[in-house]
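Engineer: Dropping the sequence and predicted coords here.
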Protein chains: 2
Amino acid sequence: MGDLVQEAHVRLHAQGGRMTAQRRLLLTILESLREHPTAEELFLLAIKQDPSLNLSTVYRTLRWLEGENLVSARIFAEERRQERFDAALPSEHHHFMCTRCKNVIEFDSELFGSIKSQFQELNGASVATGSIVLYGLCSNCRKEDFDIDNYLGAK
Amino acid sequence: MGDLVQEAHVRLHAQGGRMTAQRRLLLTILESLREHPTAEELFLLAIKQDPSLNLSTVYRTLRWLEGENLVSARIFAEERRQERFDAALPSEHHHFMCTRCKNVIEFDSELFGSIKSQFQELNGASVATGSIVLYGLCSNCRKEDFDIDNYLGAK
DNA sequence: ATTATTATTGCAAATGATTTGCAATAAAGG
DNA sequence: CCTTTATTGCAAATCATTTGCAATAATAAT
């Protein structure tokens, strides 16, 4: 059993909550994914194993996890109004989304700290959190675009 | 008449569109604002001058502007699923949102370029766009929090 | 200026993601 | 095993945004 299931179990117990089959299933899937699924994508994966699972249970589970800081939700510019859920690593990290395949790549940046403190000093603000989002083509999709160009060029 | 109205006029003409009273009103308000209003906030400002204006006209106008790259839309983490519209400066810029008063401050960062190229090199991706979002307390709200603390402390 | 053309509007209804009320179900403690 | 009550599935509600359509009004043509 993975870390996330374990951790959730402990926290649920501490707050009088219950570890249900539905939660265990969702947590297991969630920690097996490198991707950042939408609620519906997670739901579609989960009903393969439990067809009676309901989408609202998925949302309720994700919101609970979010409140526990075990998952974070974000909306990417490419996909207005739809949230993606990230089984949050404890450390601060940033995201790149491929505008073609919608895959999300996480990355770190030592420069981010300087950006924050620079902003703080200039504005007298106190920055608590923040993140960087980049958009473009991942290496795979760059290749495919190149192949298509070649194909079209050859015709 | 401001730049935005002017520019929109030119583009509308070029594409067989029409400069209506509603558009002129919305554009005028938009370029007079330093803030990043939601569609509804813009609507509420606009109906003071034209009470018959409809919210869907506001959305249609904003979407057209977005398509023309005269306005950009973004969703801040603090406000799930609600878009804010930014009468986009031509240059790349970033945002800070105060989690208390919801005010948005724009800022530049020379370091952003390095972050992009660093990511590109590490991942073989090509980064087209991106942005930084910071959250925290603006200088005003820091003061107010301080005042409240003092007040509570003094009681 | 007047008229014809058709882009744009206001309105109401639709959409799509997410949330909520509620009765039925099932963990966990005793 | 029984009891308590957190959690579920379901259906209906919400909220921001979008869309179809008939009426209106900017522009082009006369």
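Structural biologist: Looks like it arrived, so ask away.

Engineer: what residues does chain A put near DNA strand D?
Structural biologist: Taking CB under 7 Å from any atom of the strand as the criterion, chain A approaches DNA strand D at residues A:12, A:16-18, A:20, A:22-23, A:50, A:52-54, A:56-57, A:60-61, A:80-81. For the C-beta atoms, the positions are set from N, CA and C on the backbone; glycine is no exception.

Engineer: sec struct for the closest residue to residue A:28 other than its chain neighbours, please.
Structural biologist: Leaving aside its sequence neighbours, residue A:28 sits nearest to residue A:5 (CB to CB, 6 or more residues apart in numbering or on different chains; 6.0 Å). For residue A:5, the secondary structure call by DSSP: H, G, I helix; E, B strand; the rest coil comes out as helix.

Engineer: show me the contacts for residue A:5.
Structural biologist: Residue A:5 is in contact with A:24, A:27, A:28, A:31, counting by CB atoms under 8 Å, 6 or more residues apart in numbering or on different chains.

Engineer: Of the residues of chain A next to DNA strand D, which count as buried by neighbour count?
Structural biologist: Under a neighbour-count criterion of 16 or more other CB atoms under 10 Å in any protein chain shown, the subset of the residues of chain A next to DNA strand D counted as buried comprises A:12, A:22, A:23, A:53, A:57, A:61.

Engineer: sec struct for the fifth one, please.
Structural biologist: Same thing as residue A:57. Each residue gets one of three states, and residue A:57 gets helix by three-state DSSP.

Engineer: Quick check: residue A:121 vs DNA strand C, distance?
Structural biologist: To DNA strand C, residue A:121 is 36 Å away according to CB to the nearest atom of the strand, to the nearest Å.

Engineer: okay, now that residue: neighbour count?
Structural biologist: Burial measure for residue A:121: 9 neighbouring residues, criterion other CB atoms under 10 Å in any protein chain shown.

Engineer: from the buried ones among the residues of chain A next to DNA strand D, which is closest to DNA strand C?
Structural biologist: Within those, the smallest distance to DNA strand C is 6.5 Å, found for residue A:12 (CB to the nearest atom of the strand).

Engineer: secondary structure element for that closest one?
Structural biologist: Assigned by DSSP states H and E, residue A:12 belongs to helix A:3-14.

Engineer: Tell me the helix or strand right after that helix.
Structural biologist: As the chain continues past helix A:3-14, the following element, by DSSP H and E, is helix A:21-32.

Engineer: May I see the buried residues of that following helix?
Structural biologist: A:22, A:23, A:25, A:26, A:27, A:28, A:29, A:30, A:31.

Engineer: So among these, where is pLDDT lowest?
Structural biologist: Scanning these for pLDDT, the low point is residue A:31. It has 92.

Engineer: dump the residue contacts of it.
Structural biologist: For residue A:31, the residues meeting the contact criterion (CB under 8 Å, 6+ apart) are A:2, A:3, A:4, A:5, A:87.

Engineer: ok, 10 Å please
Structural biologist: Applying CB atoms under 10 Å, 6 or more residues apart in numbering or on different chains, one finds that residue A:31 lies in contact with A:1, A:2, A:3, A:4, A:5, A:6, A:7, A:8, A:70, A:87.

Engineer: do you know how far the residue nearest to residue A:28 is from DNA strand C?
Structural biologist: With distances defined as CB to the nearest atom of the strand, the gap from residue A:5 to DNA strand C amounts to 12 Å.

Engineer: gap between that residue and residue A:20?
Structural biologist: Counting by CB to CB, to the nearest Å, the separation of residue A:5 from residue A:20 is 12 Å.

Engineer: Find the residues that touch each one of the two.
Structural biologist: In contact with both residue A:5 and residue A:20: residue A:26, using CB under 10 Å, 6+ apart.

Engineer: Tell me where chain A has helices.
Structural biologist: Along chain A, the segments classed as helices by DSSP state H run A:3-14, A:21-32, A:39-46, A:55-67, A:111-123, A:139-154.

Engineer: Residue A:39 and residue A:54 touch, don't they?
Structural biologist: No. With the criterion set as CB atoms under 10 Å, residue A:39 and residue A:54 do not qualify as a contacting pair; they are 11.5 Å apart.
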